[in-house]
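1. Test case, fold it:
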Amino acid sequence: MFDLLAYAVVALVLLYCGVLVVLWRFQERVVFQPPSGVAPSTVGAAMVQYRASDDTPLFAYVVGELTSSAPVMLAFHGNADLARWLVPWATRVLRETGCSVMLPEYRGYDALSGAPNYQNSALDARAALDYLHTVAHIAPEQLVYFGHSLGTAIAAELAAAAPPRSLILQSPFSTARAMAARMFVPGLTMFWRFVSRVHFDTLALVRRLDCPVWVAHGDRDTVVPVRMGREVFAAARHQGELLIVHGAAHSNVPDIGGESYWRWLSAAIRGSRDASGGPSTPGYRAEIPPAP
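-> A predicted model of the protein is given here:
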């Protein structure tokens, strides 16, 4: 009986170790999920091409004109998204705010070569920024960074290396470790430092950023819980405005938020809370009630 119990314990330990090895090996495939089988479509935006520092070819879509007389947004999409799918949103950003938008694509997405992973995401983000600086001659004080979901972590890491005028985060997660805890693997966070290949930590980054941090989140988000958006905003050294959209899920915050969302985004681009209808005190929180 004792031998059977010992064998069972050993088997469970080996099984658990195997699970950790699998998570270590494949976690970046969970974090980066390029859509497959996507048919080509009309984009309605200009494409610019450039290369990362490791010579990987990349591209981005540009909505509006990259000029020195207006703000420019560098916007990073989520893990199972594509840059071209954000063109309609970017078109409205331009119409509502006058801010041009550059939508960089990640390697491994939308027929680009290369493997998307944590380290390469930083190279790709920096390559897009370098294009804006060296080719389009956009000054740092013109730039705002935007991210949705996974893109919030990429934008935050870029902001830590090259601060923008504002960091705008829509549906952000707090840390990769906190997201891993949602996988319900017992003890995973205890061994996170040993199994992690993805080191996103937006909480730590916003605590030391000198630029204002603006956060929007839906309170029915089942992918990234709204508490994470609140945590990121609370941790920010310089707070812009927190916008909680009641009834919004992970990807429909602009649709449900409506005009309040666009006022919030316009204020974030301009860096003025007054423009969104809120007080001028830091850390203002706005909540859009459910539709009647």
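
2. Which parts of the stretch 1-150 of the chain are helices?
-> Assigned by DSSP state H, counting those that start in this stretch, the helices in the stretch 1-150 of the chain fall at 2-31, 87-97, 118-130, 150-161.

3. wait, I meant the stretch 151-292 of the chain
-> 176-181, 192-195, 202-206, 226-235, 253-270.

4. most packed of those helices?
-> helix 202-206 (a mean of 23; mean count of other CB atoms under 10 Å). Yep, even glycine has a C-beta here, placed from its N, CA and C like the rest.

5. what residues does it touch?
-> Residues external to helix 202-206 that are found in contact with it (CB atoms under 8 Å, 6 or more residues apart in numbering): 152-153, 156-157, 159-160, 167, 169, 172-175, 213, 231-232, 235-237.

6. Which members of the residues you listed are classed as buried?
-> 152-153, 156-157, 159-160, 167, 169, 172-175, 213, 231-232, 235-236 (16 or more other CB atoms under 10 Å).

7. which stretch in the helices of the stretch 1-150 of the chain is the model least sure about?
-> Mean pLDDT across those is lowest at helix 2-31; the value there is a mean of 55.

8. how far is stretch 97-113 from where the chain is centred?
-> Centre-to-centre, stretch 97-113 and its host chain are 13 Å apart (CA atoms, centre = their mean, to the nearest Å).

9. Could you do stretch 131-148 as well?
-> That offset, for stretch 131-148, works out to 16 Å (CA atoms, centre = their mean).

10. Return the set of buried residues in that stretch.
-> Y131, L132, A136, I138, Q142, L143, V144, Y145, F146, G147, H148.

11. In contact with L66, which residues?
-> V72, S100, M102, L132, A136, I138.

12. still on that earlier bit, can you pick out the ones from the buried residues of stretch 131-148 that are in strands?
-> Of the positions in these, L143, V144, Y145, F146, G147, H148 sit in strands, assigned by DSSP state E.

13. ok, L103 to A176 distance?
-> Taking CB to CB, to the nearest Å as the measure, L103 and A176 are separated by 23 Å.

14. Next: D219.
-> 23 Å.

15. Check N252 too.
-> Distance from N252 to A176, by CB to CB: 24 Å.

16. And P88, by the same measure?
-> P88 is 30 Å from A176, by CB to CB.

17. Now for V232: which residues touch it?
-> T152, L169, P172, S174, T202, L203, V206, V213, V215.

18. Now render these as CSV, adding distance to G257.
-> Converted to CSV, these look like this (distance: CB to CB, whole Å):
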residue, distance to G257
T152, 16
L169, 14
P172, 16
S174, 21
T202, 21
L203, 24
V206, 22
V213, 18
V215, 13
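
19. which one among those residues gets closest to V31?
-> T152 (12.8 Å; CB to CB).

20. For A45, grab the count of nearby residues.
-> 21 (other CB atoms under 10 Å).

21. Quick check: beta-bridge partners of the nearest residue to it once chain neighbours are set aside?
-> Of all residues not flanking A45 in the chain, Y61 sits nearest, at 4.1 Å (CB to CB, 6 or more residues apart in numbering). Beta-bridge partners for Y61, by DSSP bridges, are M47, L103.
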